[in-house]
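Visitor: Here's a sequence, model it:
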Amino acid sequence: MSGVVSVVAIVAVVGWTLLRQFSARPLSARWWLLPAILAVLALRGGPLLDARHETLSAEVLAAELALGLVLGAGWGWTTRLWREPDGTPWSKGTRVSAFVWAGGLMLRAALWAVGAVAGVEQSGDGLLLALAVTLLTRGGTLAWRLGGLSAEAGPGGGPGDRSPTVIRLVDGIRTPSAGKDLP
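Guide: Numbering: from 1, shown residues only. Below you'll find the predicted structure:
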């Protein structure tokens, strides 16, 4: 994929993901689909390594992918997760999730700068692949966390928060019966 198309795809996916992440929404069973598409686009786009600096560019790419794993896991663990009484899983990003995103953007920019200073030509496809890894890791973390939530579990703040809260409608407004705030 050309550099301009990669950058446009990255900006569009990040913007779309952020809008969806920070609003309460049901989780899809196809959480893996977007990351898979992004990975295919990145791998078909062209060379991920700089032919002049293969070892160094491989190290930068490996660091980018490792960073994607860490950020995806952090993002997944800091996302509120709950099930509605009908069993539908929901999620919403928290303030800590926003800090994970901001920190990740800064770390990725620093990693990009280190590669640029070292003379490594970096493609947008490497960043697209790292974004796919981040989204895949986040989705996998959320899917794993969902396994421990019962249908009665209300909005949870983190991985250990499994307190039962039943969500009910009061005058058409979703309200937790145990007094917890909705995310």
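Visitor: Tell me which residue is most central in the chain.
Guide: Leu135 (3.9 Å; C-alpha atoms, centre = their mean).
Visitor: Distance of that one relative to Leu18?
Guide: 12 Å (C-beta to C-beta, to the nearest Å). (Glycine included, C-beta is placed from N, CA and C.)
Visitor: pLDDT score assigned to Leu18?
Guide: At Leu18, the pLDDT value in this model is 77.
Visitor: pLDDT below threshold where in the protein?
Guide: 1-3, 6, 150-183 (pLDDT under 70).
Visitor: in it, which spans are helices?
Guide: 3-21, 33-44, 54-77, 95-117, 124-146 (DSSP state H).
Visitor: closest to Thr88 out of the ones you listed?
Guide: For these, the distance to Thr88 is smallest for helix 124-146, at 10.8 Å, taking C-beta to C-beta.
Visitor: CA atoms only for that closest one, dumped as PDB, please.
Guide: C-alpha atoms of helix 124-146 as PDB (Å, rounded to 0.1, in the frame of the first residue of the first chain):
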ATOM      1  CA  GLY A 124       3.100   3.100   7.000                       C
ATOM      2  CA  ASP A 125       2.500  -0.600   6.600                       C
ATOM      3  CA  GLY A 126       4.600  -1.400   9.600                       C
ATOM      4  CA  LEU A 127       2.500   1.000  11.700                       C
ATOM      5  CA  LEU A 128      -0.700  -0.500  10.200                       C
ATOM      6  CA  LEU A 129       0.500  -4.000  11.200                       C
ATOM      7  CA  ALA A 130       1.300  -2.700  14.700                       C
ATOM      8  CA  LEU A 131      -2.200  -1.200  14.900                       C
ATOM      9  CA  ALA A 132      -3.700  -4.500  13.900                       C
ATOM     10  CA  VAL A 133      -1.700  -6.200  16.700                       C
ATOM     11  CA  THR A 134      -2.900  -3.600  19.200                       C
ATOM     12  CA  LEU A 135      -6.600  -4.100  18.200                       C
ATOM     13  CA  LEU A 136      -6.300  -7.900  18.100                       C
ATOM     14  CA  THR A 137      -4.700  -7.900  21.600                       C
ATOM     15  CA  ARG A 138      -7.400  -5.600  23.000                       C
ATOM     16  CA  GLY A 139     -10.200  -7.700  21.500                       C
ATOM     17  CA  GLY A 140      -8.600 -10.900  22.800                       C
ATOM     18  CA  THR A 141      -8.100  -9.400  26.300                       C
ATOM     19  CA  LEU A 142     -11.800  -8.300  26.400                       C
ATOM     20  CA  ALA A 143     -13.000 -11.700  25.200                       C
ATOM     21  CA  TRP A 144     -10.900 -13.400  27.800                       C
ATOM     22  CA  ARG A 145     -12.200 -11.000  30.500                       C
ATOM     23  CA  LEU A 146     -15.800 -11.700  29.400                       C
END
